[in-house]
Structure formats: C-alpha cells, structure tokens
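J.: I would like the atomic coordinates for the input below:
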Amino acid sequence: MKAKVIIIVLALVLLGVSGFLWFKIDGKNTQIELLNSKLEGVQNKLDQAQREKTKLEDTYKKQIDDLKAQGEIAQTQIEAKLKFSSEIISRGPADYKTVKLTNGETYYGVIKNYSGGVVTLNDIFYIQGFLDFDKASTTMSSFSLIKKGSEPDAISGDQLSINDSSIVSIATLSPASKIYQAIGEYKKYSPGQPAQ
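T.: As a prediction, the model looks like this:
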C-alpha cells in the first residue's frame with residue numbers, strides 16, 4: 001500500500017508539475033502572441049508613416065514644380081518687360097512712335113515715360129477714318145491726321161497712359177513716312193485742324 005500511495009503521490013506531483021509546465025508554456029505562448037500582435041501594430045504604424053511620408057514628398061514635389069513653373073512664367077514676363085522697355089529707351093525718347101493696340105487703335109506720339117507696365121504718350125496723333133491705299137503702288141493716297149486733345153469733345157488732353165498688356169507693337173515712325181511728314185505739317189497749323 002505504501003507503494004501505491006507513493007505512486008499516487010508521484011503521479012499527482014508529475015501531474016502538478018506537468019500542469020505547472022503546461023501553464024508556463026501556455027503563458028509564454030500568450031506572451032509571444034501578444035508580442036507578435038504588438039509587432040504587427042508597430043509594423044502597421046511604420047507602413048502608414050511610410051505612406052504618409054511618400055504622400056508628403058509627392059505633395060512637396062508638386063508644390064516645388066508648381067513654384068518653379070510660376071517662377072519661369074514670372075521670369076519670362078520680366079524678360080519681356082525688360083526687352084519692351086529697352087526697345088523703347090533704345091529708340092530715343094524724342095522720336096515719334098507708332099503704337100498699335102490690341103483693340104485695333106493706332107496712335108502716333110512721343111513716349112514720355114514707361115514705368116510699372118504703363119506707357120505714357122505725349123504729343124499724340126491718330127488717323128481719322130480709314131487709310132486709302134493706291135493699290136498699284138501700295139502707298140497712302142490721302143488721310144486725315146487728328147491731334148489728340150484738339151477734338152471738340154476731348155476729355156483726356158494730349159497725354160495717354162496705356163497698360164503695356166494692351167500694346168501689340170511699338171515702332172519708330174520713319175521721318176520719310178507720310179504720317180511723320182503730316183505731323184510736321186500739322187505743327188504749322190493751329191490745333192484742331194487735321195493734317196492732310
């Protein structure tokens with residue numbers, strides 16, 4: 001009987017030890033599963049952070065590209081204005097210019113100033129009606145030149161400020177042209193009379 005009790009006690013001890021070991025192993029497995037779950041959560045956060053980083057990099061790259069494009073446009077506009085102002089200055093401020101506008105109007109005058117994208121003309125003339133061209137020689141046969149500011153309903157006087165975005169072209173009026181000669185003749189008449 002003692003042997004049976006010893007066997008039973010040993011069996012209980014083994015059963016207790018195996019249960020204890022099973023509990024320990026099961027606890028370790030639970031800890032491993034918990035650690036794996038935490039690692040998975042950290043990996044998900046890292047993946048999300050990487051996606052956000054890529055998205056931010058793409059956004060910043062697009063913003064930089066947009067700023068570069070805007071800078072190139074601004075540089076082109078500045079270069080065009082510098083070219084425009086240097087053309088005006090290089091032609092001499094006292095020379096008569098032909099100024100053609102986007103609305104189809106053409107003025108002849110002396111450029112007084114070019115500043116802030118605005119051209120100021122003085123001593124301004126324009127052609128009344130249409131120019132008649134001799135089809136055989138392609139020269140003007142007759143026209144009426146009016147001094148701006150001398151009209152009966154003149155409001156702005158003999159000065160005109162024009163936004164440079166409204167200007168198609170500016171060219172120096174040749175002293176050999178009929179319009180230039182008509183301006184010279186006009187100065188012999190009193191204001192308000194058209195030069196022929």
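J.: Give me the sheet partners of whatever helix or strand Tyr107 lives in and which way each runs.
T.: Using DSSP states H and E, the element containing Tyr107 is strand 106-115. Strands that pair with strand 106-115, judged by DSSP bridges, come out as strand 96-101 (antiparallel), strand 118-134 (antiparallel).
J.: quick one: which of these has the weakest pLDDT on average?
T.: For the strands paired with strand 106-115, mean pLDDT drops lowest on strand 118-134, to a mean of 74.
J.: any idea how this protein splits into domains?
T.: 1-90, 93-186 (automatic domain parsing).
J.: Just send these back as a markdown table, with mean neighbour count too.
T.: All C-beta spots, glycine's among them, are computed from the backbone N, C-alpha and C. Below are the domains of the chain laid out as a markdown table (neighbours: other C-beta atoms under 10 Å):
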| stretch | mean neighbour count |
| --- | --- |
| domain 1-90 | 10 |
| domain 93-186 | 14 |
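J.: Any stretches of the protein with poor pLDDT?
T.: Applying pLDDT under 70 to the chain flags the ranges 5, 9-27, 80-94, 129-142, 151-157, 189-196.
J.: Report the beta-bridge partner residues of Tyr107.
T.: Going by DSSP bridges, Tyr107 forms beta bridges with Val99.
J.: contacting residues for it?
T.: Thr98, Val99, Leu101, Leu121, Ile124, Phe125, Tyr126, Lys148, Leu160 (C-beta atoms under 8 Å, 6 or more residues apart in numbering).
J.: Could you do Val168 as well?
T.: Going by C-beta under 8 Å, 6+ apart, Val168 touches Lys100, Leu101, Thr102.
J.: which one among those residues gets closest to Glu57?
T.: Thr102 (43.6 Å; C-beta to C-beta).
J.: Next up, phi/psi of the closest one, please.
T.: Dihedral pair for Thr102: phi -70, psi -20, per degrees, to the nearest 10.
J.: Give me the nearest residue to it, chain neighbours excluded.
T.: Ser166 (5.2 Å; C-beta to C-beta, 6 or more residues apart in numbering).
J.: Need the three-state assignment for Ile65.
T.: Careful, residue 65 is Asp; it's not Ile. helix (DSSP: H, G, I helix; E, B strand; the rest coil).
J.: what separates it from Asp58, distance-wise?
T.: Using C-beta to C-beta, to the nearest Å, we find Asp65 at a distance of 10 Å from Asp58.
J.: Could I get the full set of helices for the protein?
T.: 2-90, 178-186 (DSSP state H).
J.: circling back to that earlier point, I'd like the contacts of Tyr107 as CSV, with distance to Ile170 appended.
T.: Below are these laid out as CSV (distance: C-beta to C-beta, whole Å):
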residue, distance to Ile170
Thr98, 7
Val99, 5
Leu101, 10
Leu121, 10
Ile124, 13
Phe125, 15
Tyr126, 15
Lys148, 17
Leu160, 13
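J.: Closest to Met1 out of those residues?
T.: Looking across those and measuring by C-beta to C-beta, the closest to Met1 is Leu101, at 127.7 Å.
J.: Spatially, and excluding backbone neighbours, which residue is closest to the closest one.
T.: Nearest one to Leu101, counting by C-beta to C-beta, 6+ apart, is Ser166 at 5.3 Å.
J.: No further questions, thank you.
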